[in-house]
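Peer 1: quick one: sequence plus predicted model below, questions after.
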Amino acid sequence: MTDKESPFLRSIVINKGSKNGVKAGMVIYDDIYLIGKVVEVNFLTSRVLLISDINSKIPVTIQPLNTQGIMSGLDKQTGQLQYIKEDKLINKDGKELIVVTSGSGGIFKSGIPIGKINLRDILGNKQYIIVNFYTDFSQLKYVKILSHTKENLNFDKSIKENYELNNDQIFEMNSQKENIKVLQQQKIINDEVRLKFELDNTRLKEILINTQKKIEEQNKRIKEDQKKNKNLEFLELNLLYGHKCRKNFFKPKLFTIKTDEYRNCVLNKGLIKKN
């Protein structure tokens, strides 16, 4: 939900709050991409400051140059780099420049993808060094809420490396769980749609069967009516032309009543067809 009451230019309100364990400072993702952090928490909702907001200041690293800088929001789909000179971003290898979090300050873990830099913008002496975000903020529907806060314990180097490795694995597992939840929701929706189609198909089959029965009954009635019409036509012609076809003492070559020859003669209005 967009938050029009917020003092920030670019923020959203999500339907999770302290009831769900959300805390200020938690990081918000769209899939694997950084989109913001929680800045205010209520019982049922929380406000998220998007990285596209001008008040957002994020320590970043530009890869593969390994150059450090600060990124703030510029408009809906882009940010701008600060405290970096353009000549430091000239990539001799011609590779695409990727912007990720540096991890400085401890708010965001390092290496979270944010966006990429168009080399043509740098060479064209733009007023800003533009970062094109990977996420389309106008299409947000589901987001992930994660925390990267670590306790300040005096680990030795090997324990710290294992801790970081486990934290990355936990992050990956949480991401997979969120993806599974989304897939489960999609499956429920697909099952509901499939059930609706099955019910509609059953209803349409019943309608088709009933329609076919009605058509068969109508065809049967039509045949009966046609038969009655033919009988009526024969009776009318028999009154008029029966004497021309009926066999008697004076006309022994004519036909006996109720024979096919007699019927054909009457239908032919008393004219006898010659073979």
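Peer 2: Here it is on my side, so go on. Predicted model, so just to flag it, every value in this text is computed and none were measured.
Peer 1: quick one: low-confidence parts of the chain?
Peer 2: 1-8, 85-87, 91-94, 119-127, 148-160, 163, 273-275 (pLDDT under 70).
Peer 1: would you map out the domains in it?
Peer 2: Per automatic domain parsing, the domain ranges recorded for the chain read 11-149, 221-267.
Peer 1: as TSV, those domains with mean neighbour count and distance to Q212 would be great.
Peer 2: Quick note: C-beta positions are derived from backbone N, CA and C, even for glycine. Output for the domains of the chain, formatted as TSV (neighbours: other C-beta atoms under 10 Å; distance: least, C-beta to C-beta, whole Å):
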stretch	mean neighbour count	distance to Q212
domain 11-149	17	46
domain 221-267	13	15
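Peer 1: off-centre distance for whichever strand or helix holds Q212?
Peer 2: Element membership for Q212 (DSSP states H and E) is helix 157-245. Chain-centre distance of helix 157-245: 22 Å, with C-alpha atoms, centre = their mean, to the nearest Å.
Peer 1: quick one: contacts of the following helix or strand past it?
Peer 2: For helix 157-245, the following helix or strand on the C-terminal side (DSSP H and E) is helix 260-267. Contact partners of helix 260-267, identified using C-beta atoms under 8 Å, 6 or more residues apart in numbering, comprise 233-234, 237-238, 241-242, 244-247, 254-256, 271-273.
Peer 1: quick revisit: can you lay out the domains of the chain as a markdown table showing distance to E164?
Peer 2: Listed next are the domains of the chain as a markdown table, based on distance: least, C-beta to C-beta, whole Å:
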| stretch | distance to E164 |
| --- | --- |
| domain 11-149 | 9 |
| domain 221-267 | 85 |
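Peer 1: out of those, nearest to K181?
Peer 2: When the domains of the chain are compared by C-beta to C-beta, domain 11-149 sits nearest K181, at 9.0 Å.
Peer 1: distance from that closest one to the middle of the chain?
Peer 2: 27 Å.
Peer 1: circling back to that earlier point, identify the farthest-apart pair in the contacts of helix 260-267.
Peer 2: E233 and K247 (22.1 Å).
Peer 1: pick out the residue closest to the middle of the protein.
Peer 2: Nearest to the mean C-alpha position of the chain, counting by C-alpha atoms, centre = their mean, stands Q186 at 9.2 Å.
Peer 1: could you measure from that one over to K196?
Peer 2: Relative to K196, Q186 is positioned 16 Å away (C-beta to C-beta, to the nearest Å).
Peer 1: G25 in helix, strand or coil?
Peer 2: coil (DSSP: H, G, I helix; E, B strand; the rest coil).
Peer 1: hmm, I was thinking of L49
Peer 2: State at L49, reduced to three classes by three-state DSSP: strand.
Peer 1: who does it bridge with?
Peer 2: S11, K37 (DSSP bridges).
Peer 1: hang on, isn't it packed against S56?
Peer 2: Yes - using C-beta atoms under 8 Å, L49 is in contact with S56, at 5.8 Å.
Peer 1: enumerate every residue touching the closest residue to Q82 other than its chain neighbours.
Peer 2: Closest residue in space to Q82, ignoring its immediate chain neighbours: I70 at 4.8 Å, by C-beta to C-beta, 6 or more residues apart in numbering. If a contact means C-beta under 8 Å, 6+ apart, then I70 has K57, I58, P59, V60, L81, Q82, Y83 as its contacts.
Peer 1: that's all I had, so thanks and see you.
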